[in-house]
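1. pasting the structure only:
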């Protein structure tokens, strides 16, 4: 009799723990970076939920350069590591309303402040 009671408590505890984990996983919010961001100069960033990004950046010569790779976020620090071009950008980011503010390093190594507007989720 005691064994049956202990076994029921174990099963109940396991089910309760599983339910709590399921509820916590369902309550997480997606990153505010997810989606596509663009400005009027032709610069665009797309952040995907698998921690990858695609970027089209207009150079100072007017040439559109394509970048893709992985990104990671720690508080307000954004690290962009390109896989097709050897480039790693670490910048602060901020979102106010539908505008994303960040700094990008251009081909000359000079930081360029970007203000991007969210155009799709």
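-> Yep, it's here. Predicted model, so just to flag it, every value in this text is computed and none were measured. Numbering: from 1, shown residues only.

2. all strands for the protein, in order.
-> For the chain, applying DSSP state E gives strands covering 35-38, 44-47, 52-58, 64-74, 77-82, 87-96, 99-105, 111-120.

3. kindly reformat these as a markdown table containing mean pLDDT, mean neighbour count and distance to residue 17.
-> For the C-beta atoms, the positions are set from N, CA and C on the backbone; glycine is no exception. Output for these, formatted as a markdown table (pLDDT from 0 to 100; neighbours: other Cβ atoms under 10 Å; distance: least, Cβ to Cβ, whole Å):
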| stretch | mean pLDDT | mean neighbour count | distance to residue 17 |
| --- | --- | --- | --- |
| strand 35-38 | 96 | 18 | 34 |
| strand 44-47 | 96 | 20 | 33 |
| strand 52-58 | 94 | 17 | 33 |
| strand 64-74 | 93 | 14 | 29 |
| strand 77-82 | 94 | 16 | 34 |
| strand 87-96 | 93 | 14 | 35 |
| strand 99-105 | 94 | 17 | 38 |
| strand 111-120 | 94 | 14 | 38 |
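
4. can you pull the contacts of residue 36?
-> Going by Cβ atoms under 8 Å, 6 or more residues apart in numbering, residue 36 touches 44-46, 118-120.

5. specify the beta-bridge partners of it.
-> Counting by DSSP bridges, residue 36 forms beta bridges with residue 46, residue 120.

6. how about the strands of the chain in TSV, adding distance to residue 15?
-> Supplementary listing: the strands of the chain in TSV, determined by distance: least, Cβ to Cβ, whole Å:
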stretch	distance to residue 15
strand 35-38	37
strand 44-47	37
strand 52-58	36
strand 64-74	34
strand 77-82	40
strand 87-96	39
strand 99-105	42
strand 111-120	40
